[in-house]
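J.: Whatever this is, show me its structure:
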Amino acid sequence: MANISSQIIASLGVILLIVVSRKLLQIGRRPADLPPGPPTIPILGNIHLMPDRDVHLQFQKWAQEYGPVYSLILGTKTMIVLSNDRAIKDIMDKKSAISSDRLDMYIGQRIASGGLRVLMMGYGPTWRMVRRIMHDLLNVNAAQAFYPYQELEIQQMMYDILNDPKDFEHHFRRYSNSLMTTTTFGFRTSNYEDPHLKELMVVLEEFLILAQTGLAALMDFLPALQMLPTWMLPTKQRAAKNHKREKILYRYHWDKAKAEILSSDKPNPSFSVGLVREQNKHGFDDDFAAYITGTLLEAGTDTTANTLIWFVCAMLVFPEVQQRARAELDRVVGADRVPMPEDEPDLPYIRGCIKESLRWNSVTIMGAIPHALTQEDHYMGFRLPKGSALVNNVFAIHADDARYPNPHQFDPDRFKDDKQNFYDAAVNPDVSQRDQFAFGAGRRICPGIHVADRSLFLGISRLLWGFDFKRPLDSSGEEMVPNPARVTQGFLAAPVSFKADITPRDAKRAELIRNDWEMAKRNNLDSETLQWKVKQ
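T.: So this is what the prediction gives:
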């Protein structure tokens, strides 16, 4: 009898082992009814095929091989990659009620963000509340109140470049960061050496590295790894440490802004003024408010600055564009004044330069953070499982020669008949009339799109009006041309740092740039702090 019992137990053990093994071997396999994709292996699926860098090139290659809608099997998760305009419109826009969720990002959201980062937050009541607040406080009408800030910051940026052209990237980052601190909190970042700007650059870079590391992705796609002890997960330790440091920075900005708003009868216009009212209404705590405003700060600082850097890169690679743009500015604006927002309808080529800067090499090269499906769907005869990640494959769409002929050419004439602003183009029912896909799609479209529209117009039009951009010479006298294929890695892409010779177009414009900034300082800013001294 004992032998029989032992045999039964052994047999059950073998059966259990077979069942568990078969279940494990199912992980990583692509079901037949999913969109096609590269071959998988057990457990990992396609994880082993994901490159360490330049992921956008591999995703474009797979789109060319498997079609505009393909799937990647990443451990226990499915990723659906959308690589043409129609798929973005049909799935992310038209079905935004089920395609606006996020994957559970263990390192990126739970550990590195304490569950507070709006950008990575799942689609639910809390996210919808924040989204409504952002829409109300950043819509096209509300954005008009921020114009004095934009005007003054562009005046300082032009002055800084005039005096120190070699550090143009720093000036762009100060400009974009100060735009975000003023519109979000009501106070300026007056110079690039500002310790809080420096701290933002450090914690943001660390966060982007952590959220993109191979181990972070593995823990998202193979959740069993999350149960390993912390001492075995250095990425988790780094993420927790960076979150603590980041939270201190975001609370500093929010606490300062909130205190100034509550102590003033008429605070300067800012997003935080409205957020204080919303906090009183909904009762969320200061940590969450700090991350709502921090999300705007981090997103707006890098995207605007990187777009301007891409623009300068394009001017060096395609000098003929610069010549045509200057000719239009000289005809419409002249040399006696700078371009103003009301000039925009008469500057279609400049408008094309702005749109083409976003298309030619987009900052959100992979569409930033993937969406996720809250329920199963079907498209083009394929099943899209509930919980699937949805990738807006921006690089592949922008490099599609059927949509953008000769896509690697910087050609503002692509948009010569396009009079839409960024938002109207993004929500146009006819997706063939959409200009570019850099601002996202559906209910996750960038909430700062209206502010970005005017900021980029002021930046690009005035840079072209005031300066010549030339290729510097190396030690042998050869022109140094930046290579736009060499990009930084992570959620947000910029060209690898390059040099440019930037000089004023003439003495008259240089003098106007100096006078504009000196007058702006005298009329608007405290002489010691360079903060706004009057209520706008």
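
J.: ok, and for the helix or strand that contains residue 306, which residues are buried?
T.: Assessed by DSSP states H and E, residue 306 sits inside helix 286-317. Under the neighbour-count criterion of 16 or more other CB atoms under 10 Å, helix 286-317 has 288-317 buried. Using the backbone N, CA and C atoms, a C-beta is placed for each residue, glycine as well.

J.: likewise stretch 240-247?
T.: 242-243, 246-247.

J.: try stretch 139-149
T.: For stretch 139-149, by 16+ other CB under 10 Å, it's 142-143, 146, 148-149.

J.: could those residues go into TSV alongside distance to residue 275?
T.: Formatted as TSV, these follow (distance: CB to CB, whole Å):
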residue	distance to residue 275
142	12
143	16
146	15
148	20
149	17
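
J.: Of the residues you listed, which is the nearest to residue 457?
T.: residue 143 (12.4 Å; CB to CB).

J.: Could you double-check that the closest one sits in contact with residue 451?
T.: Yes: using CB atoms under 8 Å, residue 143 is in contact with residue 451, at 5.0 Å.

J.: can you confirm residue 391 is in a helix?
T.: No: if the criterion is DSSP: H, G, I helix; E, B strand; the rest coil, then residue 391 is strand and not within a helix.

J.: Find the nearest non-adjacent residue to residue 152, please.
T.: Nearest residue to residue 152, sequence neighbours excluded (CB to CB, 6 or more residues apart in numbering): residue 520, at 5.1 Å.

J.: ok, now which ones touch that neighbour?
T.: Going by CB atoms under 8 Å, 6 or more residues apart in numbering, residue 520 touches 151-152, 155-156.

J.: and it, what element?
T.: helix 507-524.

J.: Show me what counts as buried in that helix.
T.: 509-510, 512-513, 516-517, 520-521, 524.

J.: Can I get it in PDB, CA atoms only?
T.: Extracted as PDB, the C-alpha positions of helix 507-524 are listed here (Å, rounded to 0.1, in the frame of the first residue of the first chain):
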ATOM      1  CA  ALA A 507      23.800  95.700 -36.100                       C
ATOM      2  CA  LYS A 508      20.300  97.200 -36.300                       C
ATOM      3  CA  ARG A 509      18.600  93.900 -35.200                       C
ATOM      4  CA  ALA A 510      21.300  93.400 -32.500                       C
ATOM      5  CA  GLU A 511      20.500  96.800 -31.000                       C
ATOM      6  CA  LEU A 512      16.800  96.100 -31.100                       C
ATOM      7  CA  ILE A 513      17.300  92.800 -29.300                       C
ATOM      8  CA  ARG A 514      19.300  94.600 -26.600                       C
ATOM      9  CA  ASN A 515      16.800  97.500 -26.200                       C
ATOM     10  CA  ASP A 516      13.800  95.100 -26.000                       C
ATOM     11  CA  TRP A 517      15.300  93.200 -23.200                       C
ATOM     12  CA  GLU A 518      16.500  96.200 -21.300                       C
ATOM     13  CA  MET A 519      13.100  97.800 -21.600                       C
ATOM     14  CA  ALA A 520      11.300  94.600 -20.500                       C
ATOM     15  CA  LYS A 521      13.500  94.300 -17.400                       C
ATOM     16  CA  ARG A 522      13.000  97.900 -16.500                       C
ATOM     17  CA  ASN A 523       9.200  97.800 -16.900                       C
ATOM     18  CA  ASN A 524       8.400  94.400 -15.600                       C
END
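
J.: quick one: that helix to chain centroid distance?
T.: Remark: helix 507-524 is offset 32 Å from the chain centroid, using CA atoms, centre = their mean, to the nearest Å.

J.: which residue ranges form the strands in this structure?
T.: 69-74, 77-82, 371-372, 377-379, 382-384, 389-392, 467-470, 501-504 (DSSP state E).

J.: Name all residues that make contact with residue 359.
T.: Applying CB under 8 Å, 6+ apart, the residues contacting residue 359 are 398, 404, 414, 435-436, 438.
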